[in-house]
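Asks: Sequence and predicted model, in that order:
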Amino acid sequence: MHVSGQNLAVTGVVSAEDGSILPGVSITVKGTTRGTTTDENGKYSIDVPGNVSLSFSFIGFQTQEIAVSGQSVINITLKNDISQLNEVVVTAQGIQREKRSLGYAVSEIKGDVVNKVPEQNFVNSLNGKVSGVQVTSGGAPGQAARITIRGGAKSISGDNQPLFVIDGIPVSNDNDGSGAANEVSGAATPNRVGDINPNDIESISVLKGSAASVLYGNRGSNGVVLITTKSGKGTKGKPVITVNSNIGIDNALRLPSYQTKFAQGNRGAYLEGTSLSWGPEITGQQVTSAAAGGTTNLTVHDPRADFLKTGVTINNNVSISQTLEKTTFYVSVGQNKQTAIVPNQGYSKANFRTNVTTNLSDKITAGINVGYTKSNGDVPYLGQDGNNPFFSLFHVPVSWDLNGYGYQNPTTGRQINFRGGAFDNPLWTVNKTYFNTKNDHFIGGLNFAYTPTSWLNFTYRLGMDQYTDNRQSFRDIYTGGNPNGYLSNDIVSRQQITSTFVANLSHSFNDDFSGTLSIGHDYNQRKYDRNAQTATMLALPGIAHMNNATAFDPDYEYHSKRNLIGTFADLRLDYRNYLFLGVTVRNEWSSTLPQANRSFLYPGVNASFVFTEAFNINPDVLNFGKVRLSWAKTARDTDPYRLQSTYILASATDGFTDGVTFPYIGLPGYMVNSTVNNPNLKPEFTREVEAGVELKFFKNRLGVDFTYFNNRNTDGIISLDVAPSTGASSLIVNSGRTTNKGIEVGLDFQAIKTKDFNWNVGVVYSRIRTEVNELYGDLDKLYLGGFSGNPAIYAVKGERYGSIIGAGYKRTNINGVPNPNGAISTDADGYPLLEDGLILGHIEPNWTGGITNTFTYKGIRLSALFDTRQGGHIFSGTSQLLDNYGVSDRTLDRGTNIVFDGVDEETGVKNDVSAVKDQDWYGYVSGSNAEAHVYKNNWVKLREANLSYTFNIKRSILQSIDLGVYGRNLALWTKVPDIDPESSSFGSGNGQGASRMAYPSTRSLGVNVKLTF
Amino acid sequence: CEDSLNINTDPNSFTDVPLRTILPAAQVNLAYALGGDASRYTGSIVQYYGGHRGQPLEYSQFTFNPSTTDTFWDRMYTSVLTQMKAVMAKADENDDKIYTGIAQITTAQTISILTDIFGDIPYSEALLSTENITPSYDKQEAIYTALIDLLNQGIANVKSGQGTKPGTDDLVYGGDVAKWEKFANSLKLRLYNHLSKVQPNAAAEFLATNPALITANADNAKVTFGANASNANPIYQFDVLSGRKDMAVSSTIVNKLKALSDPRIPVYFHGIANGANAGQYVGNGPGVNDDDSGETKFSRVGSFYASSTSPVVFLSAAEVQFIIAEVQFRKGDQAAATTAYNAAVKNDFAALGLSAASDAYLATTAVKYDNTLNRILEQKWITMYQAPYEAWVDWRRTGFPQLAIPVTNFNGGVTPRRLPYPQLELNLNRQSIEAGPGFLTSVEAMKSRVWWDKE
């Protein structure tokens, strides 16, 4: 019937293997440019010039060719393309690799997964989504989040947080804490990568192991978080405009449990001015009250409810992106404003971003990425700090009428406070004191790529990360800890410049065998500057200006600078696209190490074998299988200025007061630094072995990714605390050895997959063991952080990293050796005896995991993330203090008798002396005893949930509307009392696992609207 | 490339500084530690101070945990002794012997106070930094011998007059070598007198050599603090600037001074600040948990010792005379004891600006010397409000004055005779403690005695 030279009309329907129709499949006449696509019903129609072949191609499916052979109807089913697993991921130094070729684990998360539930600081969104990644954060707006990868214990006392790289530019994640990183004080300053607008994030690659991050050397040895911002690629033709807004409310997830029976007071008597609630039972009796201005009848109030409010978060984003003929761009503006659950505090930021990539010629591409964030926050003080509003709020007696009594005497101007001392009335804290941070953060990069021939390519990138944080801390006259007032202006700035040049060569030796080689050089400079001026006495109340100061501390000035130069090579060999071998090597020169030790070389090798492709394995069952193996060595340098011992500005302190700072009545004074530096420092090293397997079953319905790693960390640079009788307080030494091993499992399961309804389950799990093998000589423990006194967090030789050490019950001895399971010794009064320096637990979890369930039905999408932590311990200093103060509900049993389950130390017989559970009991057994408040840190959280619906509108200008409701931290299940066990009172240092009057974490609920034009 | 890596010189501190900038740093640290922590611990034990809340209350209830003394011990070793060692090393380079002598005398003073508080302490192996990170604990008996020797060397060095002369950088004496000699001799006298139970004749024998001693208030060893908050006196910083308000004075000393109608009351104590009893002088009972953060109940340390610019007295003419009085009493020379006793009280009154009242005071029956050791030590106790750690030594040696047992205490009602070693040493140098004095719990440690405190 056909006639050569005549056109023939061919029609048909294209569907997928599961029977669903496929719109948008591209059909071309082989050998010509003629073609069409299927419509929304999967139908097509094309005129062909006789006996030709048609090629059907669609992303995610195998391309098929069909000879027309005179047929006028060709219905075709496209097969899933298992080679879609050839996804390309961004690896170290921005080198893009096929994921299948990597011999190490890389986790990639898409921006929309990160943003499913809006979060001001995207680091918090990584919780429970990536195996091996742990995030700890507080509840205050702007408060820093600490992130660690694979246990984060490669360095015993150095920084263990990963390197953050944004569009190829390494950036600072410092939070420049106002208190020491390992102590429980200071303001809740943000970690600076939190400045990034989460809406700008296209994807995040987490390089967990040394093999993945070896090319970043030094800075990447704790893992690397690579962030790629949106580019406008893939939005061919019309500009795409999105408008995304959400509004949410925040409340405290968990508050301590209180007794509501007993009034403020001491030993049963009503007394104001005390932190204690050991007063009389509240029965409406009349008492003399200075706060009430005479007499008052005692009633039960709810000071927590009187003080706390609902926080509100508003987030607006507009972006426009487009791909033009030679240029793609993405421009966005975002605004985020969050008010805290305490009055007058909050955090807001404005984000601007411009990303442009353009082809200057066929061979040259140039790009620019510029991000700018302006933020402004009134943030709280944390922990053991008189200006932490929660410290005092948590123990306001229930007999105290917080709002009724007010916080300032209108006549004298003095503070009205339920207690005295350095801890203020919480209303005074939020009305008369503040810590304000104003930050300008600029991250910018220029990049060029030159491709002279198909096998050669050069890239160059120049990046800068720069911020200046203007902080002002003000405490009005009559503030507890600063009765004369206090004002400080503190300017912190950091600048990081990175220049990276990479040459990429690729070559195919024959059909089976090919290779690529990348050779590069980078230069990194980091500068840190800080200037602070502090007034210690103010003339007039309420004026926060240095012109209002009548006395000053000497000005503070600090500068540091460090340079790092690196050269690196990355060779990759590819055999038949299923066997891959990678070899990496890097040499580095650091300015922070002595000349003799400043150059160091380290290698890495990794291999990947896609065995499903090498062997004939039934693809219906196991459609993809890969094993990988890697080994790498990485090194870390040290902080600047740790080589030479110096004289520092003299000061004298006693731990209770600000003390003396020189100059002293006009005289200069300097002291031998009690930290003894070390002119012979070497870099610290990590050797890591990693093995893994990736499997995809049943046509990708089930995916499993399993990793085992084991790293050995040697020559740890530690600041070794030494007995003061040595004349020094710490020595900088190269010592310490830790091992760190674990498994990480990722699971992706499409439980139900139909045309309309899908149920997807994602699971992450990790189990990590970090052991301290050696510290320094005979030394058995090293201080990591803690409270002044009891307990503290130590690295203990032979134990898991991070032990809680403090006072606990004294137990009977067996042949002179204390028996941890023995009976508790009691004294003649029936009180348990206490002993100091006991190991009360470890802070490392046994395992952590997360499970995400996602249901989609047509345009409706419901997803929920639960995550959990099991094992390890936490010290709740909150519970300890609340017991001691007599405000916790546990102290309702006051006055009852207890025969403590113990053995009399003198007589050796079972204790039968009855003691009264009174103020002294709680003060001693609870207040001096850390063991009573060390809990198993097990919890489950409903971390995120969201429900959204997408209206596809298509025909009008408006393409789609997404409407959603979301929640974060919706529920918590734990046996730890009073606190969210995730809350740490420490900053970003390595001492974690203790919480004391920490800012409560918050539960958020909100609605989200996204318009796409 | 090399240039961009040779940038690791710390711009924030100095590789070398002159002697005159280290000496005052160490002297201020010593004065701050003695006027602050040392006085709060020991002043609470001998009932000058009666804190009503927090740590000050704990001290007066005899709750001294190992961690209590961490900062004090650390500062004494790292901020005083290490600095004095640096002064000696630097002074040696140019034969600046006056500086060497001052550093030796100050080292002896510092070590003596540490050993009196803690007993056996690291001395011969101390301060070696990286060379010995677990210094052993020397016996107090050996330390005392070494300190006398060190003071003799110090005296010889300051008297030599050799090398650079200290000026205003010497906050104690402005470089006056004669006064340093008197201070060193007075320290020797104080140390010999500490040995009254173990070497009863030592002080008298030393006194018989007619050493040059501090005999006038102008020679008193002290550091005077400044008006600016960052230069302020440690008691003022703790009681006022910190805003803690948890310290108060003890009823034991307030009531004693009231009973004696002592003119020192208004300079020793601040009247109650607020409330119905404002202006009255009331002390908190020993160990009484009676919160007074409203400052309506108790007096605080007064203007002479607790203003921003108040001095911290190391050793005074009054103390020297009290020691002489005690030595003469032991010799049985009551006339000489009377002379010294009267001179002691007069010197103290003069130092406090109360000269006019001293004769009348000395004439009262309750004050007039009555040929008893009790009388000498009662008046000495009142004077040693300026250096409470010495009053504690006196109480341990003589049992005077009689102290009340705190209503609440965690030490079985036993007044401490020694403080427990700090947690830092227990954590970081435990083997040396175990090999030397032996490890004791805090309660056991407080009940145990130092070498010169023979039963």
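Replies: Yep, it's here. Numbers count the residues shown, from 1 in each chain, chains lettered A, B, ... in the order given.

Asks: Which helix or which strand is home to whichever residue of chain B sits closest to chain A?
Replies: Chain A sits closest to residue B:293 of chain B, with a gap of 1.9 Å, by CB to the nearest CB. (C-beta placed from N, C-alpha, C; glycine too.) Using DSSP states H and E, residue B:293 is not contained in any helix or strand.

Asks: Let me see the confidence value for it.
Replies: Among the per-residue scores, residue B:293 holds a pLDDT of 78.

Asks: Setting aside sequence neighbours, what's the nearest residue to it?
Replies: Taking CB to CB, 6 or more residues apart in numbering or on different chains as the measure, residue B:293 lies nearest to residue A:420, with 1.9 Å between them; neighbours along the chain are not counted.

Asks: Just want to check the distance between the one you found and residue A:450.
Replies: Distance, residue A:420 to residue A:450, by CB to CB, to the nearest Å: 71 Å.

Asks: The two: which is more packed in?
Replies: Comparing residue A:420 with residue A:450 by other CB atoms under 10 Å in any protein chain shown, the one with more neighbours is residue A:420, at 25 against 16.

Asks: Residues of the stretch 201-350 of chain B that sit close to chain A?
Replies: Listed as neighbours of chain A in the stretch 201-350 of chain B under the rule CB under 8 Å from any CB of the partner chain: B:225-226, B:228-232, B:234, B:237-238, B:240-246, B:289-294.

Asks: and with 6 Å instead?
Replies: Selection of the stretch 201-350 of chain B residues close to chain A by CB under 6 Å from any CB of the partner chain yields B:226, B:228-231, B:237-238, B:242-245, B:291, B:293-294.

Asks: of all the residues you listed, which two lie farthest apart?
Replies: With distances taken as CB to CB, the most widely separated pair in those is B:226 and B:291, at 32.1 Å.

Asks: With neighbour numbers in mind, choose between the two.
Replies: Ranked by neighbour count (other CB under 10 Å), residue B:226 and residue B:291 place residue B:291 first, with 23 against 18.

Asks: give me every residue that touches the more buried one.
Replies: For residue B:291, the residues meeting the contact criterion (CB atoms under 6 Å, 6 or more residues apart in numbering or on different chains) are A:273-274, B:52-53.

Asks: ok, it to residue A:878 distance?
Replies: Counting by CB to CB - residue B:291 and residue A:878 are separated by 22 Å.

Asks: ok, now residue A:419?
Replies: Taking CB to CB as the measure, residue A:419 falls 17 Å from residue A:878.

Asks: which of the residues in the longest strand seen in chain A are buried?
Replies: With secondary structure taken from DSSP state E, chain A has its longest strand at strand A:513-538. Under the neighbour-count criterion of 16 or more other CB atoms under 10 Å in any protein chain shown, strand A:513-538 has A:514-516, A:518, A:520, A:522-526, A:528, A:530, A:532-538 buried.

Asks: Output the contacting helices and strands for the helix or strand just after that strand.
Replies: Where DSSP H and E defines the elements, the next helix or strand beyond strand A:513-538 is strand A:549-552. Applying 3 or more CB pairs under 6 Å, 6 or more residues apart in numbering or on different chains; DSSP states H and E, one finds that strand A:549-552 contacts strand A:513-538.

Asks: who does the strand it packs on pair up with?
Replies: Each strand pairing with strand A:513-538, determined using DSSP bridges, is listed with its direction: strand A:486-508 (antiparallel), strand A:549-552 (antiparallel), strand A:556-575 (antiparallel).
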